[in-house]
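J.: Here is the input, now give the coordinates:
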Amino acid sequence: MTFTAIDFETATAFHPCSVGIVTVENGIVVDEFVTLIQPPDNLYSAFTIQVHGIYPSDTARAKNFLEVFPEIQKRLQNRTIVAHNESFDRNVLAKSMAYYGLDYATLNIAPRWECTVRIYKSKGLKPTKLSDCCRAMNITLNHHEALSDARACAQLYLMR
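T.: Next up is the predicted model:
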């Protein structure tokens, strides 16, 4: 079980304001990374602030996606990637990379990631929000905190 779990929190649409990444080697967590990311013009929607509690003041001095990308790249490149509702996180990554003129193909990762929503849905769990899956599997979660969400996703994947 060697993979990387990732979770983005977004400020607007696909622009991330935080990322959490958990690297697992042979079933053991060997690296964790979390950082705030300043979205373009440091703009947020009221809805996303309500969801995750990250405000423009929190990211006013944070690095932008382009500046954070080397840390993301070294953790994702050539890896199996896992996310809860993978299409959301995959699109955030791909669209953010495109926005900054970065080539997604250079990551050399699968076009469709491993998805803990799909896995737990196939096991008959309903509903399959991250908080529901964590409650069912007795996993501690501080929901919508990127590193906590990535940790929980990694644990769900390991328990599948």
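
J.: now the end-to-end length of stretch 140-153.
T.: By C-alpha to C-alpha, to the nearest Å, the extent of stretch 140-153 from end to end equals 11 Å.

J.: quick one: the helices in the protein?
T.: 46-52, 56-59, 65-76, 86-99, 116-122, 130-137, 146-159 (DSSP state H).

J.: neighbours around Ala60, how many?
T.: Using other C-beta atoms under 10 Å, Ala60 has 10 other residues around it. The C-beta positions use only the backbone N, C-alpha and C, and glycine is treated the same way.

J.: Correction: the previous question concerned Asn42.
T.: Using other C-beta under 10 Å, Asn42 is surrounded by 18 other residues.

J.: and if you look at the one 3 residues further on?
T.: Using other C-beta under 10 Å as the criterion, Ser45 is surrounded by 13 other residues.

J.: Pull the contacting residues for it.
T.: By C-beta atoms under 8 Å, 6 or more residues apart in numbering, Ser45 lies in contact with 11-12.

J.: What separation is there between it and Gly20?
T.: 20 Å (C-beta to C-beta, to the nearest Å).

J.: was I right about Glu25 contacting Arg79?
T.: No: using C-beta atoms under 8 Å, Glu25 is not in contact with Arg79, being 10.2 Å away.

J.: For these two, indicate the residue with more neighbours.
T.: Taking other C-beta under 10 Å, Glu25 and Arg79 do not tie; Arg79 has more neighbours (18 against 12).

J.: Would you agree that one is in contact with Ile21?
T.: No: counting by C-beta under 8 Å, Arg79 stays clear of Ile21, with 10.0 Å between them.

J.: Now the common contact residues for those two.
T.: Here Arg79 and Ile21 have Thr4 as joint contacts, going by C-beta under 8 Å, 6+ apart.

J.: sorry, back to before: residues shared between the contacts of Glu25 and Arg79?
T.: The contact sets of Glu25 and Arg79 overlap at Thr2 (C-beta under 8 Å, 6+ apart).

J.: from the chain's centre, how far out does stretch 34-44 sit?
T.: From the chain centre to the centre of stretch 34-44 is a distance of 14 Å (C-alpha atoms, centre = their mean, to the nearest Å).

J.: now what about it, what contacts it?
T.: The contact list for stretch 34-44 (C-beta under 8 Å, 6+ apart) reads 10-12, 15-21, 54-56, 58-65, 68, 71, 99, 146-147, 150.
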